[in-house]
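Enquirer: Task: produce atomic coordinates for the following.
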Amino acid sequence: MRTPIRALALLLLFLLELAVLVIGARWGWALEAGLPLRLLSAVAVPLLLAALWGVYGSPKARITLPLPARYGFQAAWFVAGGAMLAALAGPLLGGALVAAWAATAALVRATNRPT
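Expert: Predicted structure coming up:
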């Protein structure tokens with residue numbers, strides 16, 4: 001059953017996923033390297049993250065992992081996003097991203113139960 005809270009939590013999860021892709025691009029651009037490598041990294045990092053998410057992390061992933069493994073992959077993916085954000089803007093923001101994901105994912109799972 002789709003409740004308004006669940007719908008809002010799913011929207012927030014999607015926005016957090018997009019934020020990790022943007023953070024990956026910004027992190028690639030911020031590398032201390034020449035312009036060609038920075039440009040390549042700014043494109044390649046979010047593409048790699050998106051490919052990994054599509055194969056392992058999304059609800060419609062190409063490779064269906066057992067539920068605990070999928071949750072583990074998703075946690076690692078968001079922790080990587082938090083680490084990139086921490087490198088760019090400080091550990092407080094990186095930790096806030098991971099905490100926002102954890103709270104939202106827990107809300108989605110809690111609202112998935114039949115009432």
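Enquirer: Name the next helix or strand downstream of the helix or strand harbouring I23, please.
Expert: Using DSSP states H and E, I23 sits in helix 4-29. Counting by DSSP H and E, the next helix or strand C-terminal to helix 4-29 is helix 35-52.
Enquirer: and A61, which of the three is it?
Expert: coil (DSSP: H, G, I helix; E, B strand; the rest coil).
Enquirer: Report pLDDT for the residue nearest to it when sequence neighbours are not counted.
Expert: Closest residue to A61 apart from its sequence neighbours, by CB to CB, 6 or more residues apart in numbering: V55 at 6.1 Å. (Glycine included, C-beta is placed from N, CA and C.) Note for V55: predicted pLDDT of 95.
Enquirer: Please tell me how far V55 sits from A42.
Expert: 22 Å (CB to CB, to the nearest Å).
Enquirer: more neighbours, these two?
Expert: A42 (17 against 13; other CB atoms under 10 Å).
Enquirer: thought that one was touching W29?
Expert: Yes - between A42 and W29 there is a contact under CB atoms under 8 Å: 4.1 Å.
Enquirer: what's the spacing between A99 and L16?
Expert: Taking CB to CB, one finds A99 at 11 Å from L16.
Enquirer: Looking at the two, which one has more neighbours?
Expert: L16 (17 against 12).
Enquirer: and A103, how many neighbours does it have?
Expert: Residues near A103, counting by other CB under 10 Å, number 12.
Enquirer: Show me what the helix holding I23 is packed against.
Expert: helix 35-52, helix 67-89, helix 91-110 (3 or more CB pairs under 8 Å, 6 or more residues apart in numbering; DSSP states H and E).
Enquirer: Rebuild these as TSV, extending it with distance to A61 and mean pLDDT.
Expert: Below are the helices and strands packed on helix 4-29 laid out as TSV (distance: least, CB to CB, whole Å; pLDDT from 0 to 100):
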stretch	distance to A61	mean pLDDT
helix 35-52	10	97
helix 67-89	7	96
helix 91-110	15	96
